[in-house]
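# 3D, please:
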Amino acid sequence: MAIKPLHDRIIIKAAAKEEKTASGIILPDTAQEKPQRGEVLAVGPGKRLDSGQLAAVDVVVGDIVLYGKYSGTEVKVDGEDLIILRAEDVLAVLSNVAVPANA
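Numbering: from 1, shown residues only. All right, here's what the predicted structure looks like:
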């Protein structure tokens, strides 16, 4: 990857938008919601505290996380859509969750 996050920022690859409902109804593009979960691709070293110490980030590469719908900044790197957000914008880390193949 040609991008490295600074400070307490995280690079996330968002999960694919849901194209079908649980009952099998196909959703048009206009009805698909922006995903709120994704896989952590890179993590910055952490935030520098007033005391000079480095506060480590709570997530690691490979974690599946939930984040706010309108959090972060969307960027395109090497043809791939990514999201850069601060560690504090991560709402939760999901455990034992597989990322779909098309994500």
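
# what's the neighbour count on Phe8?
Not quite, residue 8 is Asp, not Phe. Residues lying near Asp8 (other Cβ atoms under 10 Å) number 21. C-betas here are computed from N, CA, C, even on glycine.

# Could you report the distance from it to Gly79?
Between Asp8 and Gly79 the computed distance is 27 Å (Cβ to Cβ, to the nearest Å).

# For the residue of the chain most remote from its centre, give me phi and psi.
Taking Cα atoms, centre = their mean as the measure, the residue most remote from the mean C-alpha position of the chain is Ser51, 29.1 Å away. Dihedral angles of Ser51 (phi, psi; degrees, to the nearest 10) stand at phi -80, psi -10.

# Quick check: pLDDT value at the closest residue to Pro45 other than its chain neighbours.
The shortest distance from Pro45 to any non-neighbouring residue, by Cβ to Cβ, 6 or more residues apart in numbering, is to Leu54 (6.3 Å). pLDDT, Leu54: 85.

# Now Leu54: phi and psi?
According to degrees, to the nearest 10, Leu54 has phi -100, psi 120.

# what number of residues lie near it?
Leu54, neighbours per other Cβ under 10 Å, totals 12.

# residue contacts, it?
Neighbouring residues of Leu54 by Cβ atoms under 8 Å, 6 or more residues apart in numbering: Pro45, Gly46, Lys47, Arg48.

# which residue sits closest to the third one, ignoring its sequence neighbours?
Think Lys47. Once flanking residues are discounted, Lys47 sits nearest to Asp8: 4.0 Å by Cβ to Cβ, 6+ apart.

# OK, contacts around that neighbour?
For Asp8, the contact set (Cβ under 8 Å, 6+ apart) comprises Gly44, Gly46, Lys47, Ala55, Val57, Arg86, Ala87, Glu88.

# Please report how far it lies from Glu80.
Asp8 is 22 Å from Glu80, by Cβ to Cβ.

# Quick one, grab the pLDDT at Ile10.
pLDDT, read off for Ile10, is 92.

# what is it paired to in the beta sheet?
Using DSSP bridges, the bridge partners assigned to Ile10 are Val43, Leu85.
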